[in-house]
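In: Here's a sequence, model it:
(chains A and B)
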Amino acid sequence: MSREEVYKRLNAVFADVFDDEELTVSDETTAADVEGWDSLVHITLIDAVEEEFDISFDMKTIVKLKNVGEMVDVILEETK
Amino acid sequence: MKELEYPFDARYLIKKKKTLKRQFLEADTKYIDKKIAVLGGSTTHDIVAILELFLLNFGIRGSFYESEYNQYFEDVMFDNPELKDFDPDLIYIFTTNKNITAYPSVGMTKDEVGAMLDAEMNRFKALWEKIENTYHCPVIQNNFDFPPYRLLGNSDCYNIAGHVRYINSLNERFADHACTHKDFFIEDIQYLSASYGLDAWADPLYWHMYKYALSMEAIPTLSYSVACIIKSLYGKNKKVLTLDLDNTLWGGIVGDDGPENLAIGQETSMGQAYSEFQGYIKSHKDIGVILTVDSKNDHENAVAGLNHPDATLTADDFVVIKANWDPKSKNLADTAAELNLLPESFVFVDDNPAEREIIRAQIPGAAVPEIDNVENYIRAIDHAGYFEVTKLSADDAKRNEMYKANAQRAALQATFDDYGQYLDSLEMTGVIRSFEPVFLDRIAQLTNKSNQFNLTTKRYSRADIEEVADSKEYIDLYGKLIDKFGDNGVVSVVIGHKNGEVLDMDLWIMSCRVLKRDMEFAMMDSLVCRAKEEGLKKIIGYYYPTAKNNMVREFYDLMGFKKISEDEQGNTVWEFDLTGTYENKNSHIKVDQTGG
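Out: All right, here's what the predicted structure looks like:
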């Protein structure tokens, strides 16, 4: 899967979770950039991403994620 | 909304909860509003979000108070103006095995463990008592799920220090408390987690990262179960099981195969599976569910199948049998009309997906479980929680018989030309008295179940009813109707509160199973009599329209009230003058007002 393909599916997940069809994210996007992305919504988001890519993040990965780009790195690694 | 019916896709609901909520609130649906406080022993954010969706789907719009993380105890025990102001209609305490203060350790004596149990129980009892005294509202309390590991292996369930044994003991004591406290209900997460699978139920990652006691995927299962208790408390349970026959209640087609060749009884495995299902259906009579048949068959073939010697169910178990070649949606609508019940209170069980689709399309609100093979029928119906039992009154077990007696009355009615003669032939006796302790459960149940003959649609908990019964500020009457076919039980409730020389009517309801029996006139007579005894000068009645109570729009007019105002929403206010002489309106029911 290419990085672009990951982003295409990831954007659909963000749109679902935030109920916002317009929302798009990129490598530098962090929680601070998206309205409503608080620690509770973050849990939903992680769960939805796991479902979309059929992967599961372990604890040490989740605690290290700094931005969307790092999440995409993990997805690419896990789905290799 | 199909997405929110059992069996739902948990991950889909979690992901789309925001969108689903928006869709509900945009739709033009009538909801009843309830204030629900969720007091959590761990993070409850998603539990509440998903609970809200399930309740909306049951017609209940919740507003929520959520305690801060693990503040369930402090929120209740200490002065809490915010919760006081919120004034909850219901409190849900979400605790799990994570909230047990201390567990026994190996080497402890029986007495030491007993003392621990007492201490834990006393902590919870203090909480429940405080709620009872401060908030006077129903409580839903989780019992405890099993721990994720067992130090003592299998002996964890019998060694006095075993945590499994300890949790079993606590749950037993919770159950004892529920048996002796009216407005206290247990959300049985011990069963729920077992049914879900304990290892999948709780996820250590979610606990350590987010302080979620449950895994994300298990949350909808929990929320659905709580929603079922809540909808049951507010009268949103289903009332009728309507069943297809061929390949639903027995294997084979009675018209083609003949009754002797049907799969039913203990001879074959298929027969056994259908027998087990019939037994499951039949046991619903004990909890007050009405059984009817809706089948494409000649009537005599249907009855021949039902009277199969090896069958568990018989034709007599059904209040209405519609076996004909009409569309099933028409049969269901006709059955609803005959029973004076709303079509949305029906559960339609049919193995044929095409028939299920017709009912879904034609009868909005009726539940239509997806069933595939007979061995799975019971689970599909049971886990959907259509008939969640929160209160069982003596009337429930008799409900089928009452509805059958109604069918007999209808047959009798057809033989009289004059309606008054027919009423007299029923030899009716009414018992109309102030609330009495034995009927308080039934009275509360009726206030929550009656939708059509209900002037104000005000709902009362058991605690509210008790308050009315004890206070001198109210005139309260229940009405029970007995006739030659049987005892209909408590069928009408009237509550008014005194306001100087005026009686303001809070509630006037009647069960639709006694429509057109003149019971409403008998209630009016007794109400006027009581109001006059108390020296009141006027009765003021209120009608608040809902989607369902159009039948009583002009009720007060019929009772001789004068309309004094009407607003744009159709809310009307009516006045009845008590100073003149009053002539009783009822002449067909013999009324007993004494005693009690």
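
In: C-alpha from now on. contacts and neighbour counts both.
Out: OK.

In: which secondary element of the chain has the worst mean pLDDT?
Out: I went with chain A, as the question did not name one. In chain A, the helix or strand scored least confidently by mean pLDDT, DSSP states H and E is helix A:59-64, which has a mean of 88.

In: right idea, wrong chain: chain B
Out: helix B:394-413 (a mean of 78).

In: Please enumerate residues in contact with that one?
Out: By Cα atoms under 8 Å, 6 or more residues apart in numbering or on different chains, the list of residues contacting helix B:394-413 from outside reads B:285-291, B:317-319, B:339, B:419, B:422, B:485-489, B:513.

In: and if you look at stretch B:181-198?
Out: With contact meaning Cα under 8 Å, 6+ apart, stretch B:181-198 is reached by B:137-146, B:148, B:174-175, B:178, B:201, B:218, B:221-222, B:225-226, B:229, B:390, B:461-463.

In: tell me which residues in it are buried?
Out: Across stretch B:181-198, burial judged by 16 or more other Cα atoms under 10 Å in any protein chain shown covers B:K182, B:D183, B:F184, B:F185, B:I186, B:E187, B:D188, B:I189, B:Q190, B:L192, B:S193, B:L198.

In: in the sheet, who's paired with the third one?
Out: Here B:F184 sits in beta bridges with B:V139, going by DSSP bridges.

In: if I look at it, how far off is B:V139?
Out: 5 Å (Cα to Cα, to the nearest Å).

In: Can you name the residue of the stretch 451-596 of chain B nearest to chain A?
Out: B:A547 (30.8 Å; Cα to the nearest Cα).

In: Pull out the buried residues from the contacts of stretch B:181-198.
Out: Neighbour-count burial within these applies to B:137-146, B:174-175, B:178, B:201, B:218, B:221-222, B:225-226, B:229, B:390, B:461-463; the criterion is 16+ other Cα under 10 Å.

In: Filter these down to the ones in helices?
Out: Of these, the ones assigned to helices by DSSP state H are B:F174, B:A175, B:A178, B:W201, B:T221, B:L222, B:S225, B:V226, B:I229, B:R462, B:A463.

In: helix/strand/coil for the residue of the stretch 451-596 of chain B closest to chain A?
Out: For B:A547, the assignment made with DSSP: H, G, I helix; E, B strand; the rest coil gives coil.

In: how many neighbours does it have?
Out: 10 (other Cα atoms under 10 Å in any protein chain shown).

In: Let me see the contact set for residue 10.
Out: Going with chain A. A:L10 touches A:V49, counting by Cα under 8 Å, 6+ apart.

In: wait, chain B
Out: B:E217, B:A218, B:I219, B:P220, B:T221.

In: Retrieve the pLDDT associated with residue 31.
Out: Looking at chain A here, since you left the chain open. Note for A:A31: predicted pLDDT of 91.

In: Oops, wrong one, chain B.
Out: Reading off the model, B:Y31 has pLDDT 91.

In: ok, it - contacts?
Out: Contacts of B:Y31 (Cα under 8 Å, 6+ apart): B:L56, B:G59, B:I60, B:R61.

In: Number of residues surrounding the closest residue to the last one other than its chain neighbours?
Out: Right, B:R61. Computed as Cα to Cα, 6 or more residues apart in numbering or on different chains, the closest residue to B:R61 that is not its neighbour in sequence is B:D33, at 4.8 Å. When neighbours are defined as other Cα under 10 Å, B:D33 has 13 of them.

In: quick one: secondary structure of B:D33?
Out: Under the three-state scheme (three-state DSSP), B:D33 adopts strand.

In: Distance of it relative to chain A?
Out: Per Cα to the nearest Cα, to the nearest Å, B:D33 is found 25 Å from chain A.

In: Was I right to think that residue contacts B:L56?
Out: No - at 9.7 Å, B:D33 and B:L56 do not qualify as touching, with contact defined as Cα atoms under 8 Å.

In: contacting residues for residue 75?
Out: No chain in the question, so chain A it is. With contact taken as Cα under 8 Å, 6+ apart, A:I75 is in contact with A:V6, A:F53, A:I55.

In: wait, I meant chain B there
Out: B:L39, B:S67, B:L83.

In: Select only the buried ones of the contacts of B:Y31 in ChimeraX?
Out: One line in ChimeraX is enough to select the buried ones among those; burial here means 16+ other Cα under 10 Å:
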select /B:56,59,60,61
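
In: Mind putting the contacts of B:Y31 into CSV with secondary structure and pLDDT?
Out: CSV is the format used below for the contacts of B:Y31 (DSSP: H, G, I helix; E, B strand; the rest coil; pLDDT from 0 to 100):
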residue, secondary structure, pLDDT
B:L56, helix, 96
B:G59, coil, 93
B:I60, strand, 95
B:R61, strand, 95
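
In: ok, of the contacts of B:Y31, which one's closest to chain A?
Out: B:L56 (18.4 Å).

In: What sits closest to the closest one if chain neighbours are left out?
Out: B:F24 (7.1 Å).

In: burial measure for the one you found, as a count.
Out: Neighbours of B:F24 (other Cα under 10 Å): 15.

In: Can you check the pLDDT for it?
Out: Confidence score, pLDDT, at B:F24: 91.

In: Good, we can wrap up now.
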